[in-house]
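Enquirer: Sharing a model prediction with you, sequence too.
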There are 2 protein chains.
Amino acid sequence: MVNVDEYTGPDKQKLIGYLQSFITPQRYAKFLEVIKNRTRFLTIVLEDIYQSHNASAVLRTCDCFGIQDVHIIENRNKYEVNPDVALGSSKWLNLITHSGPENNTVKCLTNLKKNGYRIIAATPHHISFTPETLPLDQKTALLFGTELTGLTREALDMADDYIKIPMVGFTESLNISVSVAIFLQTLAHRARSGPNPWQLTEEEQNDILLSWLQQSINKPEMLIRNFNEKEIIRKTSDKKF
Amino acid sequence: MVNVDEYTGPDKQKLIGYLQSFITPQRYAKFLEVIKNRTRFLTIVLEDIYQSHNASAVLRTCDCFGIQDVHIIENRNKYEVNPDVALGSSKWLNLITHSGPENNTVKCLTNLKKNGYRIIAATPHHISFTPETLPLDQKTALLFGTELTGLTREALDMADDYIKIPMVGFTESLNISVSVAIFLQTLAHRARSGPNPWQLTEEEQNDILLSWLQQSINKPEMLIRNFNEKEIIRKTSDKKF
């Protein structure tokens, strides 16, 4: 994928216009429909999920609910996506992997806080909010732990608050993809109908559209090179007159 | 498991009192807490689910939401529970398997209708209700199809209505256990706060308590034989005086 960060806003718009001519109008209309429902007001953070069918089902669920960013913390377990379960959803999301040599939980959560996120740990073991009662007056990152042992001490300590699903059976815990879905169904609905701006900015939308376009066409690098050359010629000739 | 269908109500009560002395009071208190939240107002029907981790996650979800009955239709695929995923939840549920030589879909749904259930097929391909809009004025069976091909023609034809989850992403379908959870979160909450009686009758509760007790103690058959003999002696001696 070509990094288009150094392009100005109008150049990005032009590049989108150029690349969109290589997909069908129906496909591009779908992009526009999906992008207007995408949000970063809610984000999902997965700490050391190791079962690939769980990881993949979470991605599918995030795509369905319009969640754009999924943070993946790899301290012990490498996050692997099972293509049969993810059904291609990962290519429509921004997967941000934290897998450095330091404590990736601390790094990821510190970064999210710096970016204005409140960290809400999903755990049945604390006095917690429920999806209905959690305050949603701020960008919110929902933090989920590994299948067997749950969230690490660092994660629980750094969380601003806790959330759980009220349960009335013998089983005390739900499958992780099921939990994510239950939280998102209520919270995504509440975020979208609440007073806070939940939609992506125009610039964010354009960056994601460019990434989706590149995922959807053959040899995007070649086409972008082609576009760049034309643009240089046009700009140079603009200056001449 | 001993069939206690022929016991009268008072005898069942006595047997419960007898068997409960073989488990801890804390355990029995948990039984009573769970049973008062159990419901048959909503039931889940799974047609030919073949991935055992999906099947098992559905059972865990049903237990968590207090759904007592899960109907399993096996026309092509045998339903297998993955113990790692189900975490023992299947022993707290009534799993009703339909695996005869005839069309098990027709048999199961006909039977549910006879018992007053409205059949609601979960399918994204029809003009449908959502979990928020589905009328809940009657006992409701939610019908889910196999992972790849969805519900059979028979199932769709016999359904009284359709339900789907509103989705805003590229992925058009959710993992089955995820779908069940999303439907149940909203529908179980709505059923419990609605005007219709959703709790089990005292007799239903007693039958299930007897099954849970038998699952929780060693050699229940021997203990029940012991109870029966004592009861016969007591009843005979009652008659003498």
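Expert: Yes, it's here. Quantities reported herein were computed from a predicted structural model and do not represent experimental measurements.
Enquirer: Give me the distance between the two termini of stretch A:94-104.
Expert: End-to-end distance for stretch A:94-104: 18 Å, by CA to CA, to the nearest Å.
Enquirer: same check, this time on stretch A:148-159
Expert: Taking CA to CA, stretch A:148-159 runs 20 Å from one end to the other.
Enquirer: Could I get the buried residue list for it?
Expert: Buried residues in stretch A:148-159, counting neighbours by 16 or more other CB atoms under 10 Å in any protein chain shown, are found at A:G150, A:L151, A:T152, A:E154, A:A155, A:L156, A:M158, A:A159. Where you see a C-beta, it was placed from the backbone N, CA and C, and this is true even at glycine.
Enquirer: isn't there a helix covering A:I208?
Expert: Yes. Per DSSP: H, G, I helix; E, B strand; the rest coil, A:I208 lies within a helix segment.
Enquirer: What does the pLDDT read for it?
Expert: Note on A:I208: pLDDT of 96.
Enquirer: Check A:Y117 too.
Expert: Looking at A:Y117, its pLDDT is 98.
Enquirer: so it touches A:L143, yeah?
Expert: No. Between A:Y117 and A:L143 there is no contact under CB atoms under 8 Å: 10.0 Å.
Enquirer: Pull stretch A:20-32 out as CSV, backbone CA atoms only.
Expert: Provided in CSV are the C-alpha atoms of stretch A:20-32 (Å, rounded to 0.1, in the frame of the first residue of the first chain):
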residue,chain,number,x,y,z
GLN,A,20,-12.3,5.4,-8.2
SER,A,21,-12.5,5.2,-12.0
PHE,A,22,-10.9,1.7,-11.6
ILE,A,23,-13.7,0.2,-9.6
THR,A,24,-17.4,0.0,-10.4
PRO,A,25,-19.7,2.9,-9.4
GLN,A,26,-21.7,0.4,-7.3
ARG,A,27,-18.6,-0.6,-5.4
TYR,A,28,-17.7,3.1,-4.8
ALA,A,29,-21.2,3.8,-3.7
LYS,A,30,-20.9,1.0,-1.1
PHE,A,31,-17.6,2.6,0.1
LEU,A,32,-19.4,5.9,0.6
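Enquirer: got the residues of chain A near chain B?
Expert: A:30, A:34, A:37, A:53, A:57, A:60-66, A:85, A:87-89, A:92, A:165, A:167-171, A:173-175, A:177-178, A:181-182, A:185-186 (CB under 8 Å from any CB of the partner chain).
Enquirer: Which stretches in chain A count as helices?
Expert: Taking DSSP state H as the test, the helices found in chain A are A:9-20, A:25-35, A:52-65, A:83-86, A:104-114, A:153-158, A:176-193, A:202-216, A:220-240.
Enquirer: now the residues of chain A next to chain B: which count as buried?
Expert: A:34, A:37, A:53, A:57, A:60-66, A:85, A:87, A:89, A:92, A:165, A:167-171, A:173-175, A:177-178, A:181-182, A:185-186.
Enquirer: looking at chain A, which helix or strand is least sure?
Expert: helix A:83-86 (a mean of 58; mean pLDDT, DSSP states H and E).
Enquirer: need the contact list for the residue nearest in space to the middle of chain A.
Expert: Nearest to the mean C-alpha position of chain A, by CA atoms, centre = their mean, lies A:D69 at 1.3 Å. Contacts for A:D69 (CB atoms under 8 Å, 6 or more residues apart in numbering or on different chains) come out as A:R40, A:T43, A:I44, A:L93, A:N94, A:I96.
Enquirer: Would you check how far apart A:E203 and B:H189 are?
Expert: 39 Å (CB to CB, to the nearest Å).
Enquirer: doesn't A:I163 make contact with A:P131?
Expert: Yes. Contact criterion CB under 8 Å: A:P131 and A:I163 qualify, at 6.9 Å.
Enquirer: Tell me which of A:Y117 and A:L143 has more neighbours.
Expert: Neighbours were counted for A:Y117 and for A:L143 using other CB atoms under 10 Å in any protein chain shown; A:L143 has more, 28 against 22.
Enquirer: can you pull up the bridge partners for the more buried one?
Expert: Judged by DSSP bridges, the bridge partners of A:L143 are A:V45, A:A121.
Enquirer: ditto for A:D161
Expert: Going by DSSP bridges, A:D161 forms beta bridges with A:I120.
Enquirer: Now A:H126: closest residue in space that isn't a chain neighbour?
Expert: A:Y162 (4.1 Å; CB to CB, 6 or more residues apart in numbering or on different chains).
Enquirer: just A:G194 next, same as before
Expert: A:L136 (5.7 Å).
Enquirer: Mean pLDDT lowest where, among the helices of chain A?
Expert: For the helices of chain A, where the average pLDDT is lowest is helix A:83-86, sitting at a mean of 58.
Enquirer: tell me the contacts of the nearest residue to A:V4 once chain neighbours are set aside?
Expert: Nearest residue to A:V4, sequence neighbours excluded (CB to CB, 6+ apart): A:L210, at 5.4 Å. By CB under 8 Å, 6+ apart, the contact list for A:L210 reads A:V4, A:K12, A:L15, A:I16, A:L19.
Enquirer: got it, and A:V106?
Expert: A:E154, A:M158.
Enquirer: quick one: it and chain B, what's the gap?
Expert: Distance from A:V106 to chain B, counting by CB to the nearest CB, to the nearest Å: 30 Å.
Enquirer: mind checking how far that residue is from B:L42?
Expert: From A:V106 to B:L42 the distance is 43 Å (CB to CB).
Enquirer: tell me the contacts of A:I35?
Expert: Here A:I35 is in contact with A:L200, A:Q205, A:I208, A:L209, A:W212 (CB under 8 Å, 6+ apart).
Enquirer: Return the residues in contact with the second one.
Expert: Think A:Q205. A:I35, A:K36, A:R38.
Enquirer: With respect to A:T236, which of those is nearest?
Expert: A:T236 lies nearest to A:I35 out of the contacts of A:Q205, by CB to CB, at 33.0 Å.
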